[in-house]
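1. build me a model:
(2 chains)
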Amino acid sequence: DAGVIQSPRHEVTEMGQEVTLRCKPISGHDYLFWYRQTMMRGLELLIYFNNNVPIDDSGMPEDRFSAKMPNASFSTLKIQPSEPRDSAVYFCASSLRGAQDTQYFGPGTRLTVL
Amino acid sequence: SQQGEEDPQALSIQEGENATMNCSYKTSINNLQWYRQNSGRGLVHLILIRSNEREKHSGRLRVTLDTSKKSSSLLITASRAADTASYFCATDANAGGTSYGKLTFGQGTILTVHP
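-> As a prediction, this is how the structure comes out:
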């Protein structure tokens, strides 16, 4: 298996623009997680899905952030409009049994909002 | 404060020495996991220890868990320069035995192993 795939790997955009991050989980994994990592706040869970259904989005910063999982092999995290404070590395991870199991992380998307 | 907090924040040792990192947490857990992150990369799972286990080994890694003290330690024996990375503990917290379904990560320990 290719592991968790994320795209793009790097994104530079201007404040106010819409940003869409993409993730393909490992086939057969029922859980998908979106994290954000910054120096100041460390690794934060934004939202996670089980069987394509959002279970906990309490970590989503505000209404500018939205996430979808239209099918078992694809998820998106959208920021609209983007702000400089959204600059971070965004990771997607998947697992078989959620927090009871190993989480496999993608390589991350480094987002810079100017 | 964080559910999982690592100590020390940074550790610098020579190749061949052992490295010990500690993690403390606040609530009941189902399991505790350790992950490694090389600079600019995603996290890689190292080991998972369940709440009813006290010690686990994997190669040069040894993890202990003390649920009475709400703490865990990760020992890397005979360290190598390639072990240089950040190490994170993550907890699967529960309320009354029911998992919240998500991991909470600590801030990490930055380990530097000098050749």
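2. ok, how many other residues are close to B:E17?
-> Neighbour count for B:E17, taken as other C-beta atoms under 10 Å in any protein chain shown: 12. (Glycine included, C-beta is placed from N, CA and C.)
3. helix/strand/coil for the nearest residue to it once chain neighbours are set aside?
-> Leaving aside its chain neighbours, B:E17 sits nearest to B:S79 (5.7 Å; criterion: C-beta to C-beta, 6 or more residues apart in numbering or on different chains). For B:S79, the reduced secondary structure class is coil; criterion used: DSSP: H, G, I helix; E, B strand; the rest coil.
4. just the pLDDT for B:S79.
-> At B:S79 the predicted local distance difference test score is 97.
5. look up which residues are beta-bridged to the most centrally placed residue in chain A.
-> Nearest residue to the geometric centre of chain A (C-alpha atoms, centre = their mean): A:W34, 3.2 Å. For A:W34, the beta-bridge partners are A:I47, A:C92 (DSSP bridges).
6. hang on, isn't it packed against A:V89?
-> No - here A:W34 does not reach A:V89: they are 11.7 Å apart, not a contact under C-beta atoms under 8 Å.
7. interface residues of chain B facing chain A?
-> When proximity is defined by C-beta under 8 Å from any C-beta of the partner chain, chain B lies next to chain A at B:2, B:30-31, B:33, B:35, B:41-45, B:48, B:88, B:92, B:99-108.
8. can you flag the buried ones in the residues you listed?
-> B:2, B:30-31, B:33, B:35, B:42-43, B:45, B:48, B:88, B:92, B:99-108 (16 or more other C-beta atoms under 10 Å in any protein chain shown).
9. the longest strand seen in chain B: what's the following helix or strand?
-> Looking only at chain B and at elements set by DSSP state E, the strand with the highest residue count is strand B:85-95. Taking DSSP states H and E as the definition, the helix or strand that follows strand B:85-95 towards the C-terminus is strand B:98-105.
10. about what we covered before: residues in contact with the residue nearest to the centre of chain A?
-> Counting by C-beta atoms under 8 Å, 6 or more residues apart in numbering or on different chains, A:W34 makes contact with A:23, A:45-48, A:67, A:75, A:77, A:90-92.
11. do you know how far it is from chain B?
-> In this structure, A:W34 and chain B are separated by 11 Å, where distance is defined by C-beta to the nearest C-beta, to the nearest Å.
12. again with A:T102
-> From A:T102 over to chain B the distance is 4 Å, taken as C-beta to the nearest C-beta.
13. any idea which element that residue lies in?
-> Using DSSP H and E, A:T102 sits in no helix or strand.
14. the closest residue to it other than its chain neighbours: which element?
-> Excluding the flanking residues, the one nearest A:T102 by C-beta to C-beta, 6+ apart is B:H45, at 4.4 Å. Under the assignment given by DSSP H and E, the secondary-structure element containing B:H45 is strand B:43-50.
15. and for A:R36?
-> Using DSSP H and E, A:R36 falls within strand A:31-38.
16. what bridges to the closest residue to B:R62 other than its chain neighbours?
-> Spatial nearest neighbour of B:R62, excluding adjacent residues (C-beta to C-beta, 6+ apart): B:L75 at 4.3 Å. B:L75 has these beta-bridge partners by DSSP bridges: B:T20, B:R62.
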